[in-house]
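Peer 1: structural data only, the sequence is not supplied:
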Ligand SMILES: Cc1cc2nc3c(=O)[nH]c(=O)nc-3n(C[C@H](O)[C@H](O)[C@H](O)COP(=O)(O)O)c2cc1C
């Protein structure tokens, strides 16, 4: 099956380090096989826990869900904020719970066929800084039955700093090719 990659951006600024690292990882992928969505623009609505009820996703949420369903590979692109995912990315995961509760979405079934990757940037070079966010995404994805593609972490603070992290930029080149998992 041809692979198609959905890149989900979640930084509070545009054209920052995490998206630059993601662009480096996407460089060898056919542009026709890439879809890029910014979870901040337009923003996702708040998550409401309606259990035991549910509502079907509409608007921006329906757009993101359809893009996820159409992709074989989902790439969460996120700066590290307070050792965690930034709120737009975390909010999407919260909505996934709502999609699980809305049976007509079929989410619980079709999400199992997806592979998920994580690409982050952070200021602190201490490699343990990314442990909580990587574990959280990996465990959540595994719980959903998704395949774990792996994580790519880079270091940078000001916009453009990531270009100085030659190790991360080097790893980006084959990160999405399947050699790393
Ligand atoms: C709200 C906020 C929280 C942050 N928390 C952390 C942190 O916990 N650890 C860290 O190393 N860097 C932290 N940073 C720095 C960012 O991760 C860093 O600037 C990153 O390169 C931003 O990525 P972006 O350019 O894609 O937005 C934080 C930045 C902001 C704005």
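Peer 2: Okay, I see it. These numbers were taken from a predicted model, which means no experiment stands behind them. Numbers count the residues shown, from 1 in each chain.
Peer 1: from the chain, which residue is nearest to the ligand?
Peer 2: Closest to the ligand within the chain is residue 16: 2.2 Å, counting by C-beta to the nearest ligand atom. The way it works is simple: take the backbone N, C-alpha and C, and place the C-beta from them, glycine included.
Peer 1: residues touching that residue, list them.
Peer 2: 79, 121, 159 (C-beta atoms under 8 Å, 6 or more residues apart in numbering).
Peer 1: same thing but 7 Å
Peer 2: 79, 159 (C-beta atoms under 7 Å, 6 or more residues apart in numbering).
Peer 1: cool, residue 33 as well?
Peer 2: Residue 33 makes contact with 2, 3, 4, 5, according to C-beta under 7 Å, 6+ apart.
Peer 1: find the nearest non-adjacent residue to residue 134, please.
Peer 2: Leaving aside its sequence neighbours, residue 134 sits nearest to residue 151 (C-beta to C-beta, 6 or more residues apart in numbering; 4.6 Å).
Peer 1: check which helices and strands the helix or strand the one you found falls within sits against.
Peer 2: Assessed by DSSP states H and E, residue 151 sits inside strand 147-155. On a contact count with 3 or more C-beta pairs under 7 Å, 6 or more residues apart in numbering; DSSP states H and E, strand 147-155 meets helix 17-26, strand 115-122, helix 131-144, helix 166-175.
Peer 1: again, 10 Å this time
Peer 2: The contact analysis (3 or more C-beta pairs under 10 Å, 6 or more residues apart in numbering; DSSP states H and E) places strand 147-155 against helix 17-26, strand 73-79, strand 115-122, helix 131-144, helix 166-175.
Peer 1: pairing partners for the shortest one, with directions?
Peer 2: Spelled out, that is strand 73-79. Using DSSP bridges, the strands paired with strand 73-79 are strand 5-9 (parallel), strand 115-122 (parallel).
Peer 1: next, the buried residues of the one helix or strand residue 37 maps to.
Peer 2: If you go by DSSP H and E, residue 37 is part of strand 34-38. Within strand 34-38, the residues that count as buried by 16 or more other C-beta atoms under 10 Å are 34, 36, 37, 38.
Peer 1: same question for stretch 83-94.
Peer 2: For stretch 83-94, the buried set under the neighbour-count rule, 16+ other C-beta under 10 Å, comprises 85, 86, 87, 88, 89, 90, 91, 92, 93.
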